[in-house]
Every structure is written in C-alpha cells, then in structure tokens.
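Peer 1: coords please:
(chains A and B)
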Amino acid sequence: MSVAAPEAIKAVPIRHYGQWATAAVVIVAVGALVWSVGTNDAIQWNVVGDYLFRPEIFHGIGITLALTAFSMVAGIIGGILLAVMRLSGNPVLRTVSTGYLWIFRGTPVLVQLVIWFNLGLVFPAIGIGSLSTSTNDLISPFGAALLALALNEAAYMTEIVRGGILSVDPGQTEAAHALGYSGAKTMRLIVLPQAMRVIVPPTGNEVITMLKTTSLVYAIGAQDLFTEAYNFGSKNFTLFEMYLVACFWYLAMTTILTTLQSRLEKKYAKGSHAVPAGPGFGRVIGKVRMLRSPEGGAR
Amino acid sequence: MSDVMVKAANVHKSFGHVEVLKGIDLEVKNGEVFCLLGPSGSGKSTFLRCINHLERVTAGRLSVEGELIGYREVGDKLHEMKPKEIAAQRRDIGMVFQRFNLFPHLTALENVMQAPMKIRGVSKAEARTQALALLDRVGLSSRVDNYPGQLSGGQQQRVAIARALAMKPKLMLFDEPTSALDPELVGEVLDVMKDLAREGMTMIVVTHEIGFAREVADTVVFMDGGVVVEAGSPSQVIDNPQHDRTKSFLSKVL
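Peer 2: The predicted structure follows:
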C-alpha cells in the first residue's frame, strides 16, 4: 500500500484581537500627545528650528563629546587598575579599591561634581612648598567635570572589568604561571585580552550612559550641550524650546552610539561559547594588535 | 652536575585539614621517564603540581637539580620565595595539562612563540623559526595559523607540548595529557611523547595509559591514598606487582 504525501496543513491562525485593540489605543494616545505638543501655542517651533544649528550648540556638542570620550578613557584605565587591585592578594590594595568603590558609588555624581568644582573653598592652593597653584586656576569647570565623571566612572568600570577577569578560566592563569609568566604579564598578555569579550559590550552601554550623564555638568557651567541650550533658553525666555533642541541632539547621538553598540555586541557574542573562543574573536584581537604594532600587519 | 633531577624527601601536602600527600620519597634521574599511576584522589596530580610550585609543599623537602622549589633555606629556616624567583624556577620546567589550557586568543604559532619572546627575551624572528620547527616536530606545520578553537583535542595537546618545549625546559611534567581526549586521538599525543622520551627528555607523567607506561617508562610508581605503594621498573610494578592494592588497580584498568 503506497502512502501519498499528506496535504499541507491550512489551519485558521489564532486571531489576536487584544493586540489590535491595544495598538489602536496606543496610536490614539500617542497621536493626541503629538497633536497637543505640535499645535501648542506656548511652544515656538520656529525657535527650535532656529537654534538647532547654532554654533554655540555645536560647541556644546563638542564639549559633551569630549567629556564623554575623555572621562570614559580615564574611567576604563582606572577601572582596570582598581579591578586588578581588588583581585590582588595584597590586602592593602584590596582595601583601597573596596574603599574607593564604597565612596564613589555610594555618593551621587552630581554631588561629586560640585565638590570637585568647589575644592578651592577648602584647599585654596594645591602643591608642595613653593610649587603650588591656586586651586581655582587649576580646576576649571571643564577640569572639574572631567575629574568627577572619570573618577565616578572608574568605580563602575571596576565591577565590569572584575566580572570580565573572573570569567577567564583559571587554567589560563595556571598555564601562564607554569611557563614562567609573572603575575603582571599573565594579566596583561593572557587574562585581559580574553576578558575583553565580557568587558566590551557593557562598556558600550557605559559610553551611552556617560553621554547623557554629562548633562549634569550644567550645574557647574561647563559649557556642554545642555548648559548652552539652558543659557539660550533663560536669556530669551525660551527654556522649553531649548530643552527640545538639547533632546534632539542627545537622541541623535545616542541613536548612533546604540547602533554601534549593537554591532559590537553581535561581534563579541560570536565566540561566547565557553573557553575556546572562536576565530572571530582572535581576529578582532589580531586587528587591534596590528593597529598597534609599528611594523603593521606582519602576520 | 648531579645525576638526580627531582628529589622528594618526605613531601607532605595538605589542603586545610585534608592531607593529600602523606610523605612522598622519590628520586627522578636525569633523562628518566617517570610514570605515576594510581586511582583518582591518590595525590599523583597534586605531587606533580608541587614540582613547579602550582601547589605549595606543606612539609618535607622537594628540589629540582638540588634547588629547593618555592623556598630558600637559610640556616635551618625556610623563607618563602618571591613571585619573581618562583617564575624563574618555573621557566625551566615545562608542564602539559589535562585540559590543554592553550591561549584561545592566540594562534597555534603565537601560543608557542609568546613565552620565549616575552619571558626569555628571544627576538621575534628567532622565536618564530623555533616555533615553526617545534610545530613541525609535533606534526602540525599545516595548522600554525589556526586558533585553538579550530583544532581537535589531540592537535591542541600537541600544540601545548610544543609550547612547553619552546622554553627549552630541563624537565617536562605531564598531568594526564590524554585523559580529556577522544580515544582515537590518544595515539597521536602519545607518539609525540614517545619521541620526546627517545631524545632523552626527563619526563614525569601522570597517566592512566598503562600501555604507554610499560613501553616508555624507566620507572613506574603506583600511588594510593597519598603514599607511594610501589615503585620500580615497568616489568616489576605493572607485570609483577607485589601489593594487593596495585594488583586490584591494575586488574581494573588493564
């Protein structure tokens, strides 16, 4: 008896009436909101348009980006040092690192900002003996902002880096020790390159968070995007319009960063199966090294 | 130079309250292939790891070429060595692990090149030439640019042997080098080890490969419960064991 191939199933799909209903509600609600904002006489949309591309705003964007970049670089370096200290066998280093985290994660970054900015109140001059300068000359608003954001970020990066280091198989450290690597070389040449796979994706998140956190520096007038927007707004009584200008640019920047971030995550997710990282991961490290080595890609 | 490579005198090792080694007395001679057999938990791997100070000896004396491992003896007192000094001792002792422990972010070639370059200060060109020769010797000249994740277990273990040899060790330690391998891949690793033995390398091998021990070993030691039960030539210990524990162990694995 021969069996004919059965007919393909043509079933009636489940109807998602609930979804259609909620979608309708959401569309109406969002539409009403957009309508009320767009047609609101209190918002001068032409002002938003006028100020969107003002050179002062672009200067503010420059400061915001510079603060983000510099404080992240310093934060990452600080985070690596603090994480290594935290995991070291030396109780002094461990305690210093733990204390640092306690203070810098336990106090608001806004408070840290104004403390650095007002350091001159308690330490009018900084230096040793005759080699001293006025604190207020040394710590400009930008300097205070950078200091506060970088030191605060270092505390958060410490935990990310520590997680990355702990994710590397202890057998790797053992193998390096058996070959005669010192503790520092084991960390630099063997453990950290492997920990990067775990460290890089959340660090991307930190960059995006940092970009937004920089807006806090308006409290000390560091001329970032939000400060510039705020200054225009309070001068011309167009605060709300200027907030919208700031939102537009923040959203534009975070959108770009988020796109980069999701690409980065995809790249690093490839070799994420246990210890033997795939070739993709090795290639990334190889590329980084190629950029660094003076003789170029001699591989 | 003395004829003795490794000398263990009443070596004890405890983890907290658990005593894993209960007084090991052994001598490994220069150029000797020394196999440690025994059930798991017998302390044979721990003993091996004491030889390059991956584990600290808690009592007794363990020395390589007359030099105490991990400690300095001043008068009748032992001083802990600095990490730098321990690293210097380990440079001359190669080790091969059960789980290979190759560096996954480096290619096979880079795995073999890195330690000579970064630890011994060998030039890149020289390290490369040497690494290529070593990889050829373990039969992997066609896989030098592969990452460990692209190699089979047997290939990875052969790279690991080449990596250890690149430091030009005077002594090689093998910690169950074939236990994590698929059965059909065991032979290729044992062949490399046999070559090495033939060339006169001093080797201490923790293994369950009785055939390998019988064929290659100069001395076979049977350990159980943290003590040496029996030691001698393969024909004595494997083919004509005197102790009941040795006999029952061998009857199970042979």
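Peer 1: For residue 70, which non-adjacent residue is closest in space?
Peer 2: The chain I'm using is chain A. Leaving out its chain neighbours, the residue that sits closest to A:Phe70 by CB to CB, 6 or more residues apart in numbering or on different chains is A:Leu146, at 5.7 Å. Every residue, glycine included, has its C-beta placed from N, CA and C.
Peer 1: Wait, chain B was what I had in mind.
Peer 2: Using CB to CB, 6+ apart, the closest residue to B:Gly70 is B:His53 (4.2 Å).
Peer 1: okay but the one you found is in contact with B:Ile69, surely?
Peer 2: Yes - the criterion here is CB atoms under 8 Å, and B:His53 meets it with B:Ile69 at 5.3 Å.
Peer 1: which residues are common contacts for those two?
Peer 2: B:Gln89 (CB atoms under 8 Å, 6 or more residues apart in numbering or on different chains).
Peer 1: Can you name the residues of chain B that neighbour chain A?
Peer 2: Taking CB under 8 Å from any CB of the partner chain as the criterion, chain B approaches chain A at residues B:52, B:54, B:83-84, B:87-88, B:90-91, B:93-95, B:97, B:99, B:101-107, B:114-115, B:118-119, B:146-150, B:163-164, B:167.
Peer 1: So among the residues you listed, which ones count as buried?
Peer 2: B:52, B:54, B:87, B:90-91, B:93-95, B:97, B:99, B:101-107, B:114-115, B:118-119, B:146-150, B:163-164, B:167 (16 or more other CB atoms under 10 Å in any protein chain shown).
Peer 1: Could you tell me which of the residues you listed belong to strands?
Peer 2: Of those, the ones assigned to strands by DSSP state E are B:93-95.
Peer 1: And those, which is closest to chain A?
Peer 2: The nearest member of those to chain A, counting by CB to the nearest CB, is B:Met95 at 4.0 Å.
Peer 1: Setting aside sequence neighbours, what's the nearest residue to the closest one?
Peer 2: A:Ala178 (4.0 Å).
Peer 1: Touching, that neighbour and B:Asp92? I think so.
Peer 2: No - A:Ala178 is not in contact with B:Asp92 according to CB under 8 Å; the separation is 11.3 Å.
Peer 1: So for the two, which residue has more residues nearby?
Peer 2: Between A:Ala178 and B:Asp92, counted using other CB atoms under 10 Å in any protein chain shown, the more crowded position is A:Ala178 (27 against 16).
Peer 1: where's the more buried one, which helix or strand?
Peer 2: Remark: A:Ala178 resides in helix A:170-179, with elements defined by DSSP states H and E.
Peer 1: circling back to that earlier point, quick one, phi psi at the residue nearest to B:Gly70?
Peer 2: Main-chain torsions, B:His53, degrees, to the nearest 10: phi 60, psi 20.
Peer 1: before we move on, back to that, how far away from the center of its chain is the helix holding A:Ala178?
Peer 2: Remark: helix A:170-179 is offset 32 Å from the chain centroid, using CA atoms, centre = their mean, to the nearest Å.
Peer 1: same question, stretch B:226-239
Peer 2: With CA atoms, centre = their mean, you get 18 Å for stretch B:226-239.
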